[in-house]
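>>> 3D, please:
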Amino acid sequence: MGSSCSSSLGAGGTVIQWFHSFLLGRVQKVVVGDECSDPWALTCGVPQGSVLSPMLFNIYMKPLGEIIRGFGLGVHQYADDTQLYLSFKSEPVKAVKVLCECLEAVGGWMAANRLRLNPDKTEVLFLGDRERVGVGDSLVLSGVTVPLKDQVRSLGVILDSQLSMEAQVNSVSRAAVYQLHLVRRLRPYLPANCLARVVHALVISHLDYCNALYVGLPLKVTRKLQLIQNAAARLVTGSGRRDHITPVLRDLHWLPVRLRARFKVLVLTFKALNGLGPVYLKERLHPHRSARTLRSSAEGLLAVPSLREVRLQGTRQWAFSVVVPALWNALPSDVKEINNYLTFRRHLKAALFREVF
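Numbering: from 1, shown residues only. This next block holds a predicted model:
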């Protein structure tokens, strides 16, 4: 740990001593009833529940990302979840070879650092036409065949090979409907203000989780989520099934599902443009440039990529680099010119609210 901090982060001296005092000399015991085991020295790992532990683990795992990028692959790391990305237009055999070599190097680093790459928990998702490109049905990792999946789960979101998001919407719908059923049984025992909070916490939270991914999806996909929001709104207000839903949502000050998703993705766009969001999102956004000096050039417009610049043509209409510039450019100029994050959120919601109501 100390050598990792010194070489990659430039830390040393007192900082390393702090880390040593935090990690070394720890023991654990097992208590069952009134009986307590002898102390057992901890030689690896970090204390669970500590604020410092996640940061130390990220420092420990930092070389892993450097190894992966050394093979020309993209990587996202979230705690102990590591995702590799490899994009290629042709030569699938070469791409698969590079991926396998990278995974072997990852396995070697993990073995040297008291970790283990588990092939049984390794999933592979191919986006695109597998038959046209000529990619097989599996990869071989440490002598174990890892099949290509039709869908995988990434931080709770189900991604399918066509990026249709239908499996994710179906999963969210089932979870939200189940929670809505439970809350409905509690309604007689909850005052109105508590009922609204419970519905937000147990039902709407499912609809809002990673909902930026729903922007641009066909109406037939997102309609399930809208019906659930309508049912939740009626539950909170006590409205009947035949009551028109628009006044109900307006009185609750709830944006419909599609506009909640648009709100989320535009907030992410603001953060990316102002250095508050991930770099990989900012790299997808480029200012609009015109050969002539126009008034619109000073309005903070973003460039919409051409068809040739989007690789997955089937999902072009909901690709971040395509949808976001169009949505951003459609915002009122006074909203795009705001520099404060909280002020932008407030004015953005007001603009979307005026649009729908």
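>>> Next, the contact list for the residue nearest the centre of the chain, please.
Taking CA atoms, centre = their mean, the centroid of the chain lies closest to Cys210, which sits 6.0 Å from it. For Cys210, the contact set (CB atoms under 8 Å, 6 or more residues apart in numbering) comprises 155-157. No exception for glycine: its C-beta is placed from N, CA and C like everyone else's.
>>> Check Ala231 too.
Residues near Ala231 by CB under 8 Å, 6+ apart: Leu180.
>>> Please report the distance of Ile228 from Leu342.
29 Å (CB to CB, to the nearest Å).
>>> Check Tyr60 too.
Remark: distance between Tyr60 and Leu342 (CB to CB) = 35 Å.
>>> What ranges does the chain have for its strands?
Applying DSSP state E to the chain gives strands spanning 27-28, 31-32, 35-36, 40-41, 74-78, 81-85, 124-125, 138-141, 144-149, 151-154, 157-160.
>>> picking that back up, between Tyr60 and Leu342, point out the one with more neighbours.
For Tyr60 versus Leu342, neighbours defined as other CB atoms under 10 Å are more numerous around Tyr60 (15 against 8).
>>> what number of residues lie near the residue nearest to Leu225 when sequence neighbours are not counted?
Among residues not flanking Leu225 along the chain, Val257 sits closest, at 4.6 Å (CB to CB, 6 or more residues apart in numbering). The number of residues packed near Val257 is 22, by other CB under 10 Å.
>>> doesn't Ile204 make contact with Val257?
No. Taking contacts as CB atoms under 8 Å, Val257 lies outside contact range of Ile204: 9.8 Å.
>>> Residues that sit against both of these two, list them.
Counting by CB under 8 Å, 6+ apart, the residues touching both Val257 and Ile204 are Gln229.
>>> check contacts around Leu182.
By CB under 8 Å, 6+ apart, the residues touching Leu182 are Leu202.
>>> in stretch 94-107, what's buried?
For stretch 94-107, a neighbour-count test (16 or more other CB atoms under 10 Å) marks 95-96, 98-99, 102-103, 106-107 as buried.
>>> Which members of those residues are positioned in helices?
Counting by DSSP state H, the buried residues of stretch 94-107 place 95-96, 98-99, 102-103, 106-107 in helices.
>>> about what we covered before: what pLDDT is listed against the residue nearest to Leu225?
Note on Val257: pLDDT of 96.
>>> ok, so what distance separates it from Ala167?
Distance from Val257 to Ala167, by CB to CB: 17 Å.
>>> Over to Ser321?
Remark: distance between Ser321 and Ala167 (CB to CB) = 23 Å.
>>> can you check Lys271 too?
28 Å.
>>> ok, now Met61?
Met61 is 29 Å from Ala167, by CB to CB.
>>> what's the burial count for the closest residue to Val30 other than its chain neighbours?
Nearest non-adjacent residue to Val30, counting by CB to CB, 6+ apart: Ser37, 4.4 Å away. Using other CB under 10 Å, Ser37 has 10 neighbouring residues.
>>> Now do the helices for the stretch 51-200 of the chain: every range, in order, please.
Residue ranges of the helices in the stretch 51-200 of the chain, as given by DSSP state H, counting those that start in this stretch, are 52-70, 92-112, 130-133, 166-186, 192-199.
>>> mind listing what the residue nearest to Val30 touches?
29-31.
>>> 10 Å instead, please
Going by CB atoms under 10 Å, 6 or more residues apart in numbering, Ser37 touches 28-31.
>>> With distance to Arg346 as extra columns, can I get the residues you listed in a markdown table?
Below are those laid out as a markdown table (distance: CB to CB, whole Å):
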| residue | distance to Arg346 |
| --- | --- |
| Gln28 | 48 |
| Lys29 | 51 |
| Val30 | 52 |
| Val31 | 51 |
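>>> Reformat the contacts of Cys210 as JSON lines; add neighbour count, pLDDT and distance to Arg234.
JSON lines is the format used below for the contacts of Cys210 (neighbours: other CB atoms under 10 Å; pLDDT from 0 to 100; distance: CB to CB, whole Å):
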{"residue": "Leu155", "neighbour count": "11", "pLDDT": "89", "distance to Arg234": "31"}
{"residue": "Gly156", "neighbour count": "10", "pLDDT": "91", "distance to Arg234": "27"}
{"residue": "Val157", "neighbour count": "15", "pLDDT": "94", "distance to Arg234": "28"}
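>>> from memory Val322 sits against Leu285, does it?
No. Checked against CB atoms under 10 Å, the pair Val322 and Leu285 is beyond contact range at 11.2 Å.
>>> neighbour count winner among these two?
Per other CB under 10 Å, whichever of Val322 and Leu285 has more neighbours is Val322, with 20 against 17.
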